[in-house]
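A.B. asks: Mind looking at a prediction? Sequence and model below.
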Amino acid sequence: MSRLIRFERTGGPEVLQWVDADVPAPAAGEARIRHKAVGVNYIDTYHRSGLYPVPLPSGLGQEAAGVVEALGDGVIGLAVGDRVAYVGGPLGAYSEVRNVDAGMLVKLPDGLSFEQGAAMMMQGLTAQYLLRRTYRVQPGDTVLIHAAAGGVGLIACQWAKALGATVIGTVGTDAKAEIARRHGCDHTIVYTRESVSARVRELTGGEGVPVVYDSIGKDTFMDSLACLRPLGTMVTFGNASGPVAPFEPSVLAKMGSLFLTRPTLFHYIARRADLLAMADELFAVVASGQVQLSINQRFPLQDAAVAHRELEARRTTGSTVLIP
């Protein structure tokens, strides 16, 4: 028997239910994991609200860390008692115990805690593909990172700085600006009182930046395009303010033959070899101290609704974890 979060209809945090569920023996190719920490990500609110539709009733969550309790037939490379972390697969990480495809699991190095594992898989691997694959940041680049004090933002700012970039980050408050500066931001822009594009042009001598990493969506999209230099890359990877409205692609030509991409982590980790390589690079940069994880909110698993309210109200910084 396990307890988990489930929702039977879409809506606000109040639709989340704390229920009992049986966990069968793991099927072939599966491992049963007892969770020690569960990651909370903005995409979870999209599933709960219906922005990203899922079949109902449904579990929630795609990221956790824990201990292998049992293995199904055919699983190799894992043993009962292994410390593991994962991201992806069917929704259901907001649970005490669950079975997952063993191919999703990566072993958690001894020097990293379960909370770190749960906090870094989605946000850290997102930062990895953004900085190392979608647009490969080079020494001397100046990059713009929206929501710089958020979970992905704090990781990406530190990592970009370690790669030799000058980092400009946007935040909503002075308090968040201070947090961002402590985590690699050379320049912060408080978007509630400053024009982001005007400030970026000022900071870059009118040139603009080669890349914008934008997880906000609707509210920032056009201003983000205005921050780019000719042939710059617009990476829109989230919808915190809502989805971007349809627009005429010729706008990209008029603004400098810009490149636009809407990536998602799960395409980047679809091949296990890529997942392992990306995780190895992430674990190494965290172990080296170049990227420090900021786990600033912890809630009991049964209080997932409270965590969602805080996240959607933008009262959180860094990463949030649920503790079973």
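C.D. replies: Thanks, I have the structure now.
A.B. asks: tell me which element residue 32 falls in.
C.D. replies: According to DSSP states H and E, residue 32 maps onto strand 30-40.
A.B. asks: What of residue 138?
C.D. replies: Under the criterion DSSP H and E, no helix or strand holds residue 138.
A.B. asks: What are the structural domain limits within the protein?
C.D. replies: Domain ranges of the chain: 2-121+272-323, 139-262, per automatic domain parsing.
A.B. asks: In a markdown table, list these along with mean pLDDT.
C.D. replies: As requested, the domains of the chain are arranged in a markdown table below (pLDDT from 0 to 100):
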| stretch | mean pLDDT |
| --- | --- |
| domain 2-121+272-323 | 96 |
| domain 139-262 | 96 |
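A.B. asks: Would you mind giving those domains as TSV with mean neighbour count and distance to residue 128 added?
C.D. replies: Where you see a C-beta, it was placed from the backbone N, CA and C, and this is true even at glycine. Shown next, in TSV, are the domains of the chain (neighbours: other CB atoms under 10 Å; distance: least, CB to CB, whole Å):
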stretch	mean neighbour count	distance to residue 128
domain 2-121+272-323	19	5
domain 139-262	20	8
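A.B. asks: Out of those, which gets nearest to residue 132?
C.D. replies: Residue 132 lies closest to domain 2-121+272-323 among the domains of the chain, at 7.0 Å (CB to CB).
A.B. asks: got a list of what residue 14 touches?
C.D. replies: residue 305 (CB atoms under 8 Å, 6 or more residues apart in numbering).
A.B. asks: That one and residue 46: what is the separation?
C.D. replies: Distance, residue 14 to residue 46, by CB to CB, to the nearest Å: 17 Å.
A.B. asks: cool, and residue 311?
C.D. replies: Residue 311 is 11 Å from residue 46, by CB to CB.
A.B. asks: now swap in residue 189 and tell me
C.D. replies: Taking CB to CB, one finds residue 189 at 26 Å from residue 46.
A.B. asks: which secondary structure element contains residue 188?
C.D. replies: Here residue 188 is assigned to strand 187-190, by DSSP H and E.
A.B. asks: And stretch 184-197, end to end?
C.D. replies: Start and end residues of stretch 184-197 are separated by 20 Å (CA to CA, to the nearest Å).
A.B. asks: need the contact list for the nearest residue in space to residue 154 that is not next to it in sequence.
C.D. replies: Nearest residue to residue 154, sequence neighbours excluded (CB to CB, 6 or more residues apart in numbering): residue 183, at 4.6 Å. Counting by CB under 8 Å, 6+ apart, residue 183 makes contact with 148-149, 154, 157-158, 292, 294.
A.B. asks: strand partners of the strand holding residue 188, parallel vs antiparallel please.
C.D. replies: Looking at strand 187-190 with DSSP bridges, its partner strands are strand 166-171 (parallel).
A.B. asks: Beyond the strand it pairs with, next helix or strand please.
C.D. replies: The first helix or strand that comes after strand 166-171 along the chain, using DSSP H and E, is helix 174-182.
A.B. asks: send the alpha carbons of that next one over as PDB?
C.D. replies: This file holds the C-alpha atoms of helix 174-182, laid out as PDB (Å, rounded to 0.1, in the frame of the first residue of the first chain):
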ATOM      1  CA  ASP A 174      14.700  43.300  -5.500                       C
ATOM      2  CA  ALA A 175      14.900  40.400  -3.100                       C
ATOM      3  CA  LYS A 176      15.000  38.000  -6.000                       C
ATOM      4  CA  ALA A 177      17.600  40.200  -7.700                       C
ATOM      5  CA  GLU A 178      19.900  39.700  -4.800                       C
ATOM      6  CA  ILE A 179      19.400  35.900  -4.900                       C
ATOM      7  CA  ALA A 180      20.200  35.900  -8.600                       C
ATOM      8  CA  ARG A 181      23.300  37.900  -8.100                       C
ATOM      9  CA  ARG A 182      24.500  35.500  -5.500                       C
END
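A.B. asks: I would like the residues contacting stretch 237-250, please.
C.D. replies: For stretch 237-250, contacts defined as CB under 8 Å, 6+ apart pick out 42-43, 46, 51, 126, 130, 147, 213-221, 236, 262-264.
A.B. asks: now the end-to-end length of it.
C.D. replies: Terminal-residue distance, stretch 237-250 (CA to CA): 21 Å.
A.B. asks: Same check on stretch 281-300?
C.D. replies: End-to-end for stretch 281-300, by CA to CA: 30 Å.
A.B. asks: chain center to that stretch: distance?
C.D. replies: The chain centre lies 12 Å from the centre of stretch 281-300; the measure is CA atoms, centre = their mean, to the nearest Å.
A.B. asks: cool, and stretch 212-220?
C.D. replies: Mean-position distance between stretch 212-220 and its chain equals 14 Å (CA atoms, centre = their mean).
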